[in-house]
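Participant: I would like to see how this sequence folds:
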Amino acid sequence: MRYLPLITLFWFFLSVLRGAENHGFEYARLDLLDGRTLKAVSVKSYDPSNDKLLILSDEKLLLIPAKLIPPPFAAHFRKNAKRSGGTTSTVPSSPSQSSSSRSQSRQAKDTTQNPSAPDRVDPEAKLKSAHIQAARSRADRFYRYEFTAGSNSISVTARNIEITRCEPITGWAGRYRSEGTARLEYYDSKGGSFQRVSSGFEVITETSKDSEITVVDFTRK
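Facilitator: Have a look, this model is predicted:
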């Protein structure tokens with residue numbers, strides 16, 4: 001009986017792939033291996049020359065490296081998605097767009113020719129982003145391997161981790177408190193059914209002396 005969740009998970013992914021073939025490779029959500037989550041996804045084409053997929057997500061076109069797509073979807077898209085590449089379309093830009101493009105090109109050139117130019121990235125924003133990423137990774141690990149519900153005979157089949165708030169802890173230099181929500185779908189082998197649930201969480205992270213981000217505490221709410 002302990003193999004039932006794995007067998008069910010296999011048929012679940014198989015049904016998703018068959019749905020992609022019948023509905024133009026469309027998904028409500030796609031979790032990338034770099035931690036990003038794409039919603040309202042439609043895979044438009046695959047370019048084998050650079051191993052990238054053209055994906056429409058939330059009405060925005062994105063070029064995503066196929067190596068960031070989790071298996072078995074990556075292999076499926078490489079094999080079955082519509083091929084692209086070899087043809088380039090040029091859309092005339094407005095004068096304002098052309099001016100903006102030239103300005104950006106000059107800025108990039110100046111930065112390249114002058115390595116000593118100051119970094120324009122806000123250090124505080126960069127540090128906060130690193131703490132958010134550490135908190136999201138810890139939450140993802142918890143809900144993938146440690147989450148229990150119902151009869152506890154469950155397998156998490158899908159999850160969406162969202163960090164809704166991240167702030168430094170007053171009086172404790174280097175520590176941040178991140179709060180978020182996990183939206184899960186899991187299969188209960190004892191009940192023989194799929195369930196969906198939302199779970200809140202809080203993660204405390206800390207910047208160590210060697211500038212690494214470590215997780216101090218994780219709490220479900």
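Participant: Low-confidence regions, the chain specifically.
Facilitator: Along the chain, the model assigns pLDDT under 70 to residues 1-24, 85-121, 150-152.
Participant: quick one: the helices in it?
Facilitator: With DSSP state H as the criterion, the chain has helices at 4-22, 73-80, 95-113, 123-141.
Participant: Pull the number of nearby residues for Ser198.
Facilitator: 10 (other Cβ atoms under 10 Å). Bear in mind the C-beta positions are built from the backbone N, C-alpha and C, glycine included.
Participant: how near is it to Ile132?
Facilitator: 19 Å (Cβ to Cβ, to the nearest Å).
Participant: quick one: the spatially most central residue of the chain from Ser155, how far?
Facilitator: Residue closest to the average C-alpha location in the chain (Cα atoms, centre = their mean): Arg36, at 1.5 Å. Relative to Ser155, Arg36 is positioned 23 Å away (Cβ to Cβ).
Participant: ok, now Ile55?
Facilitator: Distance of Ile55 to Ser155, given as Cβ to Cβ: 27 Å.
Participant: more crowded one of the two?
Facilitator: Legend: neighbour count by other Cβ under 10 Å for Ile55 and Ser155, higher for Ile55 (24 against 15).
Participant: For the more buried one, give the beta-bridge partners.
Facilitator: Under DSSP bridges, the beta-bridge partners of Ile55 are Val43, Leu62.
Participant: State the distance from it to Leu32.
Facilitator: 10 Å.
Participant: residues bridging contact with the two, i.e. touching both?
Facilitator: Both Ile55 and Leu32 are contacted by Leu38, Ile64, under the criterion Cβ atoms under 8 Å, 6 or more residues apart in numbering.
Participant: Counting neighbours, what do you get for Asp34?
Facilitator: With other Cβ under 10 Å as criterion, Asp34 counts 10.
Participant: Contacts only, for it.
Facilitator: Applying Cβ under 8 Å, 6+ apart, the residues near Asp34 are Leu68.
Participant: and if we set it to 10 Å?
Facilitator: Listed by Cβ atoms under 10 Å, 6 or more residues apart in numbering, the contact partners of Asp34 are Ile64, Pro65, Lys67, Leu68, Gln133.
Participant: What about the residues you listed, which one has the most neighbours?
Facilitator: Going by other Cβ under 10 Å, Ile64 tops the contacts of Asp34 with 20 neighbours.
Participant: you'd agree that one is up against Ser45?
Facilitator: No - distance between Ile64 and Ser45: 11.4 Å, which falls outside the contact criterion (Cβ atoms under 10 Å).
Participant: Can you check which residues contact both of the two?
Facilitator: In contact with both Ile64 and Ser45: Lys52, Leu53, Leu54, Ile55, Phe77, using Cβ under 10 Å, 6+ apart.
Participant: which one of those residues is nearest Arg159?
Facilitator: Nearest to Arg159 among the shared contacts of Ile64 and Ser45, counting by Cβ to Cβ, is Ile55 at 20.0 Å.
Participant: quick check: domain ranges of this structure?
Facilitator: 4-80, 123-220 (automatic domain parsing).
Participant: if I look at Ala81, how far off is Lys126?
Facilitator: Counting by Cβ to Cβ, the gap from Ala81 to Lys126 is 35 Å.
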